[in-house]
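Q: Provided below for reference: sequence and predicted model.
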Amino acid sequence: MTGSGLVLGIESSCDDTAAAVVEAGRVVRSSVVANQDPLHAAFRGVVPEVAGRAHLDRIEEVVDLALERAGARFDDLAAIAVTQQPGLVGSLLVGLSFGKALAFARGLPLVGVHHIEAHAYAATMEHGEVHYPALALVVSGGHTALYRMEGPGALELVSRTLDDAAGEAFDKVANLLGLGYPGGPALSRLAATGNPAAIQFPRYRAKPGRPGFSFSGIKTAVLYHLRGQNALAATPPPEDIPDAADVAASFEAAVVDALVEPTLKEAERGGYRTIVAAGGVAANRRLRGALAERGAAAGIAVLLPSPAYCTDNAAMIAGLGWHHLVAGRLAPLGLDASPRG
Ligand code: KG4
Ligand code: ZN
C-alpha cells in the first residue's frame, strides 16, 4: 500500500512555500523552500494577505522543482502529504487545495499533517533509533511549548508559553536593534561578538513542579535597557546603541536559559531518556550547544534537526506523512484547513 515509499510533502502554513520528496519517512530526496522574507521585511512581520498571494504564485513551481530534484514523477509517488493545521488559514488553504487537487487528479492517497507534530518529527528524522517517550521542545516564531512525544506524530502538551513565543522575542529584539526581519539569525550573529554576561536580563521561573515559559518580561527588559528607565523616551536608533552586541548576547543567553532550564527539569522529573528540540529557534547555536551540554551531563540523549529542518520545510511534512500513510491515517478530499493546533 505504501508502494515506492515516496511521499510528496507540501507546506504553506506561514511564510515559506515548501515542497519535498522523502522516501520511507527519512531519506530526503529533495527539499525546496521558497522564502518570502523580502516581501514581509518592510512590515517587520508576516502580512497574511501577502503570504497567501505569494504561496499562490509559487506553489506550482516549488512542487515541480521538488519532483525534478528528486528525479521523481507523480506516478512514482505513494502519497501526497500536506500541512493542514495550525497556521494562517489563507496560507494553509493554498497548499492544502493544491495537494488535494493533485491527489484527486493523480489518484493518490492524501495525508493531512499537523505542523507542530511535523516540527517535532524533524528532530528524529535524521537519527536512527529513538527511545520514546521523548520530551519535545518546539520553539519557533509562533510556538514555544513542551510535549510528551510517544512516537512520530504522537504529542501530548505538557506546557506552553504564557505569552510570546521565543522566536517572536528574537524578532522583536532584533527589530529594536535595527537588524531587519526575521531577526533571529541576525541577532544570533551579532550575539557571537558580544558578552553574554554583560547585562542580567530576567529569566522567567515557573512555580515549582510546573514547567513553563514566558518571554514578554525579557523583551520589556531589553526595551527599558535601551531607553533608560524613562517610559516615555524613544528607543534610540540602532547607530546610537553602543552596546548592541552585548545586548544581543545577553538577551540570547537569557532566552536560552529560560528554554533549557525548564526543559531539563521536566525531562529529569518525568524520567525521559530523550529530549528533542525543533522549530526555527532550534537552529540557534547557543541553544543547541546548551541543550547538548546539559543533556550529556544528565545522561539524556538530545536529538536536534539539521538547521535546514529546524525552520519551516516540507521534508518534515513528507516524513511524518509517510508514518500516517503506513498507519492508514488517510484524509478525505473534503479535508479542511484549521488555524488552530
Ligand atoms: O519554525 P519557523 O521557521 O516558523 C514558525 O513556525 O514560526 O521559525 C521561525 C522563527 C523566527 O522567529 C526566527 O527569528 C527564528 O525562528 N530563528 C532563530 C534562528 N533561526 C530562526 N532564532 C534564533 N536563532 C536562530 N539562529
Ligand atoms: Zn513552523
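A: Now that the structure is in, tell me what you want to look at. Ligands and ions are numbered 1, 2, ... in the order given.

Q: Assumed Thr83 was part of a strand.
A: Yes - under DSSP: H, G, I helix; E, B strand; the rest coil, Thr83 falls within a strand.

Q: How about residues contacting the worst-scoring helix or strand of the chain on mean pLDDT?
A: Ranked by mean pLDDT, DSSP states H and E, the weakest helix or strand in the chain is helix 37-41, scoring a mean of 85. Residues from elsewhere that reach helix 37-41, judged by C-beta atoms under 8 Å, 6 or more residues apart in numbering: Asp15, Val46, Val47, Val50, Ala51, Ala54, Gly180, Tyr181, Pro182. The C-beta positions use only the backbone N, C-alpha and C, and glycine is treated the same way.

Q: Name the nearest of those relative to ligand 2.
A: Minimum distance to ligand 2 across those is 9.9 Å, recorded for Asp15 (C-beta to the ion).

Q: need the contact list for that closest one.
A: Contacts of Asp15 by C-beta under 8 Å, 6+ apart are Asn35, Gln36, Asp37, Leu39, His40, Val46, Ala51, Ala54, Ser91, Asp312.

Q: would JSON lines of these with neighbour count and distance to ligand 1 be doable?
A: Below are the contacts of Asp15 laid out as JSON lines (neighbours: other C-beta atoms under 10 Å; distance: C-beta to the nearest ligand atom, whole Å):
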{"residue": "Asn35", "neighbour count": "15", "distance to ligand 1": "9"}
{"residue": "Gln36", "neighbour count": "21", "distance to ligand 1": "11"}
{"residue": "Asp37", "neighbour count": "12", "distance to ligand 1": "10"}
{"residue": "Leu39", "neighbour count": "15", "distance to ligand 1": "15"}
{"residue": "His40", "neighbour count": "18", "distance to ligand 1": "11"}
{"residue": "Val46", "neighbour count": "20", "distance to ligand 1": "9"}
{"residue": "Ala51", "neighbour count": "24", "distance to ligand 1": "12"}
{"residue": "Ala54", "neighbour count": "22", "distance to ligand 1": "15"}
{"residue": "Ser91", "neighbour count": "30", "distance to ligand 1": "11"}
{"residue": "Asp312", "neighbour count": "28", "distance to ligand 1": "4"}
